[in-house]
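Participant: Below is the structure, and that's it, no one-letter string:
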Ligand code: 4AD
Ligand code: MG
């Protein structure tokens, strides 16, 4: 007999006879001659109500069932007399697959996010994290669908790389050298596994550029690693990034794509993850629907970095960090622009070149680069991208200014020698997207197994 998912049963148009359901007991309520078993199988937020009558041969065993126990139920799907549910199952057999002891740590009361993070196997069984990880999986699928519909091809960029795309030095080294061999010893690398310095990727962009300059429109979507020692609510050491790269596309086309992607993701969760999303608007962020509707309906404001700095300076706000030309925008600045000043997502572009990486295209003013960051309320920066420097001499000069070892990037420079064209792309933090979509304030709570400075479990 084939197992049916609760999600499919609850969507049924008609009663069904003899279905098999497997899941975990959430609660048991007994009356004189029968018990209600609320069974959840993780396919949807709703539980299936199972009616177990005292005529069942193992009814005595069922009256001892504890929360968390695993069950296999066979029975008929019938209209439910109970409030708030259309269907229930009248059991003809209930098999106890595994009886959970009374020490099961998830009790009816609400647990803190911190506590749940410490119990790997039970966190996803709570309503909140069940919903979160279903939304996470479904949104990942929607990202692939979006790019496929727009004619992009998925590139598997390497996780172990020999380059530092962002030039920020926030690299995790990959080595098989014995402890004690120092990282600074260049000779050591020749004896290392790859015969060269290797690290976990901080961005798939450089690989994506190579493929975009051959296939046209591509994107990467995979794990990304940064040894950035910032213990904030929006930084993780391991996160996922979505990085489209487009040949024959300038900065404004790049902004259009970023805006279209974010709007589509907001539309997607509201339309296609409604049952799970409801939990977040009820218990996590009462303003969630308004925020998401705003993202879908409002055109994203587009302003130059200099205008953004001027607005911040004129604001009369006391910021912890100064807003000043030549300094990067801080989260507090990003939030002021999106939440107070414009009350909408904002794309800030044309940043001073000294605060941006070597690969961004130098503008005609010689001072700024064709960078763009998409900022959204609460989260701040969700996308960072740019038009790439396609002119060989200028790129070489920028690498010099940024102190980049050219020898290691000849392969990259070659792409500017043979058929170089205007091209652009961006990176969207997948976890930041999920934070925006669910209203969850801490990046740790949108990741099944978070990794942050000083904290690695499981
Ligand atoms: O702005 P970033 O550093 O841009 C790049 O890496 C480019 N190479 C991308 C490209 O053009 N292909 O990172 C892009 C996005 C950020 O806007 C943010 O959403 C996310 O990645 N991000 C992080 N998310 C979680 N934890 C971290 N430590 C993150 N660092 C960046
Ligand atoms: Mg950035």
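Facilitator: Noted; the coordinates are in hand. Note that this is a predicted model, so its numbers are computed, not measured. Ligands and ions are numbered 1, 2, ... in the order given.

Participant: all strands of the stretch 1-150 of the chain, in order?
Facilitator: 16-30, 34-40, 48-53, 70-79, 87-98 (DSSP state E, counting those that start in this stretch).

Participant: those strands in the stretch 251-400 of the chain, which residues are they?
Facilitator: Assigned strands in the stretch 251-400 of the chain, in chain order: 301-304, 346-352, 368-376, 380-387 (criterion: DSSP E, counting those that start in this stretch).

Participant: can you put those in CSV and add mean pLDDT?
Facilitator: Output for the strands of the stretch 251-400 of the chain, formatted as CSV (pLDDT from 0 to 100):
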stretch, mean pLDDT
strand 301-304, 98
strand 346-352, 98
strand 368-376, 98
strand 380-387, 98
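
Participant: do you know which of those lies nearest ligand 1?
Facilitator: When these are ranked by proximity to ligand 1, the top entry is strand 380-387, at 2.3 Å, counting by C-beta to the nearest ligand atom. C-beta here means a position set from N, CA and C on the backbone, and glycine is covered the same way.

Participant: For that closest one, name the packing helices and strands.
Facilitator: helix 251-272, helix 331-335, strand 368-376, strand 423-429, helix 430-438 (3 or more C-beta pairs under 8 Å, 6 or more residues apart in numbering; DSSP states H and E).

Participant: which other residues reach the lowest-mean-pLDDT helix or strand in the chain?
Facilitator: Each helix and strand of the chain was given a mean pLDDT (mean pLDDT, DSSP states H and E); the minimum falls on helix 186-190 at a mean of 77. The contact list for helix 186-190 (C-beta atoms under 8 Å, 6 or more residues apart in numbering) reads 177, 181-182, 195-197.

Participant: Now the helices and strands packed on strand 380-387 in a markdown table, please, with extra columns for mean neighbour count and distance to residue 66.
Facilitator: Output for the helices and strands packed on strand 380-387, formatted as a markdown table (neighbours: other C-beta atoms under 10 Å; distance: least, C-beta to C-beta, whole Å):
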| stretch | mean neighbour count | distance to residue 66 |
| --- | --- | --- |
| helix 251-272 | 19 | 34 |
| helix 331-335 | 20 | 45 |
| strand 368-376 | 25 | 43 |
| strand 423-429 | 25 | 40 |
| helix 430-438 | 24 | 31 |
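
Participant: Quick one: closest of those to ligand 1.
Facilitator: Nearest of the helices and strands packed on strand 380-387 (C-beta to the nearest ligand atom): strand 423-429, 2.5 Å.

Participant: For the closest one, which strands pair with it and how are they oriented?
Facilitator: Under the criterion DSSP bridges, strand 423-429 sits next to strand 238-247 (antiparallel), strand 380-387 (antiparallel) in its sheet.

Participant: Now render the strands of the stretch 1-150 of the chain as a markdown table, adding mean neighbour count.
Facilitator: Output for the strands of the stretch 1-150 of the chain, formatted as a markdown table (neighbours: other C-beta atoms under 10 Å):
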| stretch | mean neighbour count |
| --- | --- |
| strand 16-30 | 17 |
| strand 34-40 | 20 |
| strand 48-53 | 21 |
| strand 70-79 | 18 |
| strand 87-98 | 18 |
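
Participant: Including distance to ligand 1 and mean pLDDT, could those strands go into a markdown table?
Facilitator: A markdown table is the format used below for these (distance: least, C-beta to the nearest ligand atom, whole Å; pLDDT from 0 to 100):
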| stretch | distance to ligand 1 | mean pLDDT |
| --- | --- | --- |
| strand 16-30 | 32 | 97 |
| strand 34-40 | 31 | 98 |
| strand 48-53 | 37 | 98 |
| strand 70-79 | 35 | 98 |
| strand 87-98 | 37 | 98 |
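
Participant: Residue 354: which of those is closest?
Facilitator: strand 34-40 (53.8 Å; C-beta to C-beta).

Participant: Could you list every helix and strand in contact with the closest one?
Facilitator: Judged by 3+ C-beta pairs under 8 Å, 6+ apart, the packing partners of strand 34-40 are strand 16-30, strand 48-53, helix 59-62, strand 70-79.

Participant: who's in contact with that strand?
Facilitator: By C-beta under 8 Å, 6+ apart, the residues outside strand 34-40 that reach it are 6, 21, 23-29, 46-54, 59, 62-63, 65, 71, 73, 91, 94, 125, 130.

Participant: quick one, that strand and strand 48-53 angle?
Facilitator: 150 degrees (axes from the mean of the first three to the mean of the last three C-alpha atoms, to 10 degrees).

Participant: Note down every partner strand of strand 34-40 and its orientation.
Facilitator: Counting by DSSP bridges, strand 34-40 is paired with strand 16-30 (antiparallel), strand 48-53 (antiparallel).

Participant: Dump those strands into TSV; add distance to residue 40 as well.
Facilitator: Below are the strands paired with strand 34-40 laid out as TSV (distance: least, C-beta to C-beta, whole Å):
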stretch	distance to residue 40
strand 16-30	5
strand 48-53	8
